[in-house]
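In: Fold the following, please.
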Amino acid sequence: MIKRFLESIGGYCLFLKMVFRRPEKWRIFWRQFVLETDKLILSSIVIVGVISVFIGGVLVIQTASNMSNPMLDRMLVGYMVRETLVLEFCSTVVALILAGKMGSNIASEIGSMRISGQIDAMDMMGVNSAGFLVLPKVLSATLLSPLLMLLSLALGLLGGWCVVEMTDIIPVPKYLSGIKYAYNGFYLFYSGFKMALFCFLISSISAYNGYHARGGSLGVGASSTRSIVVTSILILLFDLIVTQLMLY
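Out: Reported below is the predicted structural model:
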């Protein structure tokens with residue numbers, strides 16, 4: 001088991017070396033980059049937005065119910081909702097969602113190309129198949145995923161505001177004051193950095209598993225499942241490591 005684990009790490013590192021070679025034709029690379037942005041980032045806006053709105057509303061209700069003590073300022077509800085969204089939900093939880101949506105998409109697409117012989121054909125023609133297929137996906141997911149984090153934060157706060165407006169669970173001015181209270185810009189950078197790191201892991205590991213898929217359609221399904229499991233575990237592991245290094 002340890003031997004196979006070490007072989008996987010070595011294979012992954014060699015795979016990244018192939019991926020990050022200089023593209024031979026930049027025009028084709030940028031065209032692929034735009035296509036992957038639409039496929040991986042823009043197509044994720046709806047699911048990220050819907051989940052963020054409802055989570056923001058739920059956080060307001062839960063926080064308000066746990067801070068019913070009259071000695072506590074109701075402004076703290078908005079503050080706690082903002083901190084929860086920024087520090088954990090908008091990066092880690094959204095990344096776990098993307099691990100299923102984005103990771104399975106990448107692994108199944110590249111895995112299907114592997115078992116159908118398309119990747120072998122590229123290699124025979126002298127094309128760096130790993131760089132051509134994977135580099136646009138990895139760069140698009142890594143560089144643009146912080147925008148999804150910002151969108152999630154904005155819609156989460158909006159969802160909380162909608163609940164406050166409809167239920168009058170706390171005064172609206174108190175909620176808005178809490179959102180602005182003791183704002184720390186570094187937390188936004190911290191969350192964006194985590195999101196970029198997590199999406200790099202999602203895209204690269206999913207591509208690695210798809211690239212080495214074997215055994216027909218069953219192998220593609222297995223590589224997709226393996227990608228989701230591995231990336232989900234690594235997201236939680238690196239969440240702990242990055243939080244310890246950046247916040248403690």
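In: okay, CA-based contacts and neighbour counts for the rest of this
Out: Will do.
In: In this protein, which helix is the longest?
Out: Longest helix in the chain by number of residues (criterion: DSSP state H): helix 129-167.
In: Dump the helix or strand just after it to PDB, keeping only the CA atoms.
Out: Sequence-wise, the next helix or strand downstream of helix 129-167 (DSSP states H and E) is helix 172-180. Output of helix 172-180 as PDB, limited to C-alpha atoms (Å, rounded to 0.1, in the frame of the first residue of the first chain):
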ATOM      1  CA  VAL A 172     -32.000  45.200   9.100                       C
ATOM      2  CA  PRO A 173     -29.700  48.100  10.100                       C
ATOM      3  CA  LYS A 174     -28.200  45.800  12.800                       C
ATOM      4  CA  TYR A 175     -27.500  43.100  10.300                       C
ATOM      5  CA  LEU A 176     -25.800  45.600   7.900                       C
ATOM      6  CA  SER A 177     -23.800  47.100  10.700                       C
ATOM      7  CA  GLY A 178     -22.600  43.600  11.700                       C
ATOM      8  CA  ILE A 179     -21.400  42.900   8.100                       C
ATOM      9  CA  LYS A 180     -19.200  46.000   8.200                       C
END
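In: can I assume Ile104 is in contact with Ile228?
Out: Just so we're on the same page, residue 104 is Ser rather than Ile. Yes. Contact criterion CA atoms under 8 Å: Ser104 and Ile228 qualify, at 6.8 Å.
In: For these two, list the residues in contact with both.
Out: Common neighbours of Ser104 and Ile228, using CA atoms under 8 Å, 6 or more residues apart in numbering, are Ser206.
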